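1. return a 3D structure for these sequence lines:
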Amino acid sequence: MSHISVLLHETIDALLADRHTGIYVDATFGRGGHSRLLLSKLDANSRVYAFDKDPQALAVAAELEQQDPRFKIIHASFADIQQELTALGLHEVDGIMADLGVSSPQLDQAERGFSFMQDGPLDMRMDNSQGQTAAEWLLKIEEEALANYIYQYGEERYSRRIAKAIKNAGYIETTGKLAEIVKVAHPKWEKNKHAATRTFQAIRIAINKELEDIETFLPQAVDVLKPEGTLAVISFHSLEDRLIKQFIQKESSLAEDSGWGMPQAQVDTRRLKKVSRVRASEAEVKANPRSRSAWLRVAERLEQKGKQ
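-> Just a heads-up that it's a prediction; the model follows:
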């Protein structure tokens, strides 16, 4: 299955906010759906810089780089956005977008080891040129730590029982074997959801440091946005969405008054203004069921008060 970009037009329209020129960042290139639409709406003087660490995404991006001189791909995690842009002499951009979902080709290719629907080697690394595979990680991790990850990142009630079964199994080579172990250990399956869904999500998030990367990325993104620049982020599960929601909330609220009841001049530290929160339309969900859980949150960079 080819990758269908979720909330494609909504994201690009929000990102551009009626602009037709500028410097933009696609922090998660994937298969390039968002970058291509963005380029089609920008003038000849504009630039789009994209990030990805998945080898297959990088190959697609290299082709686009050949076709369009306005586009450049950066082989790095979006968690390094500020460092990578600074290295290119860029200190301010007009808009930054990120689509935090695992792209469909990664899920669909058995050999990438993300899917319990297709048997393949148990890998799950976004960048499969470095780091531990899921199989190696599961072998080394302590049972209690594994249970905590499955509970926190998978929001799985039966995490202890599942972690015990995984650790008792020894080295687990394939996604099919892991899915079967979880299925057997799981006492209560949810309707329309494979018993291993939450456990696979937890392991994927843990080995790719997905939540840590988001927490590192968001403040840097605000740092490099120009005043009136746009931040647009698509998330696919409640853990990601909560991080983004709380971050935007914090950056768009005045700090608590800590003056012990004494009147004091309050410093306005707000850096963002909330713009919108968008869900996929019914038509999109029908055409692409993976968009069902997607949320797009949009915020605008404020002029920093007290800055000369």
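
2. in what helix or strand does Ile74 lie?
-> strand 71-75 (DSSP states H and E).

3. packing partners of that strand?
-> Judged by 3 or more C-beta pairs under 8 Å, 6 or more residues apart in numbering; DSSP states H and E, strand 71-75 is in contact with strand 47-52, helix 55-67. In this view, the C-beta of every residue, glycine as well, is placed from N, C-alpha and C.

4. winner for burial among these?
-> strand 47-52 (a mean of 24; mean count of other C-beta atoms under 10 Å).

5. what's the angle between it and helix 55-67?
-> Here strand 47-52 points in a direction 160 degrees away from that of helix 55-67 (axes from the mean of the first three to the mean of the last three C-alpha atoms, to 10 degrees).

6. show me how this structure divides into domains.
-> Annotated domains of the chain cover 8-104+211-301, 127-207 [automatic domain parsing].

7. quick check: which of those is nearest to Gly120?
-> Gly120 lies closest to domain 127-207 among the domains of the chain, at 5.3 Å (C-beta to C-beta).

8. between the two ends of the closest one, how far is it?
-> Domain 127-207 has an end-to-end distance of 11 Å (C-alpha to C-alpha, to the nearest Å).

9. now it: average pLDDT?
-> Taken as a whole, domain 127-207 carries a mean pLDDT of 93.

10. could you save the domains of the chain as JSON lines and add columns showing distance to Pro121?
-> Putting the domains of the chain into JSON lines (distance: least, C-beta to C-beta, whole Å) gives the following:
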{"stretch": "domain 8-104+211-301", "distance to Pro121": "15"}
{"stretch": "domain 127-207", "distance to Pro121": "6"}
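
11. so which of the ones you listed is nearest Gln118?
-> That would be domain 127-207 among those, by C-beta to C-beta, at 7.2 Å.

12. contacts only, for Lys41.
-> 12, 16, 20 (C-beta atoms under 8 Å, 6 or more residues apart in numbering).

13. again, only using 10 Å
-> Applying C-beta atoms under 10 Å, 6 or more residues apart in numbering, we find Lys41 in contact with 12-13, 15-16, 19-21.

14. and of those residues, the nearest to Phe217?
-> Relative to Phe217, the closest of these is Leu15; by C-beta to C-beta it sits at 15.9 Å.

15. tell me the spacing between the closest one and His91.
-> Shown here: Leu15 relative to His91, a distance of 19 Å by C-beta to C-beta, to the nearest Å.

16. just the helices in the stretch 201-308 of the chain please.
-> Taking DSSP state H, counting those that start in this stretch as the criterion, the stretch 201-308 of the chain contains helices spanning 210-224, 238-251, 282-287.

17. adding distance to Arg160 and mean pLDDT, write these out as CSV.
-> Shown next, in CSV, are those (distance: least, C-beta to C-beta, whole Å; pLDDT from 0 to 100):
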stretch, distance to Arg160, mean pLDDT
helix 210-224, 21, 96
helix 238-251, 20, 95
helix 282-287, 34, 92
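
18. mean neighbour count, those helices: which tops it?
-> The most buried one of the helices of the stretch 201-308 of the chain (mean count of other C-beta under 10 Å) is helix 210-224, showing a mean of 19.

19. that one vs strand 47-52, what angle?
-> Going by the same axes, to 10 degrees, helix 210-224 makes 160 degrees with strand 47-52.

20. just the CA trace of helix 210-224, in CSV.
-> Extracted C-alpha coordinates of helix 210-224, given in CSV (Å, rounded to 0.1, in the frame of the first residue of the first chain):
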residue,chain,number,x,y,z
GLU,A,210,9.6,8.9,19.9
LEU,A,211,8.2,10.8,22.9
GLU,A,212,11.6,12.1,24.0
ASP,A,213,12.2,13.3,20.4
ILE,A,214,8.9,15.2,20.4
GLU,A,215,9.7,16.8,23.7
THR,A,216,13.1,17.9,22.4
PHE,A,217,11.7,19.0,19.0
LEU,A,218,8.9,21.3,20.1
PRO,A,219,10.8,24.0,22.0
GLN,A,220,13.5,24.1,19.3
ALA,A,221,10.8,24.5,16.6
VAL,A,222,9.4,27.6,18.5
ASP,A,223,13.0,29.0,18.8
VAL,A,224,13.6,28.9,15.0
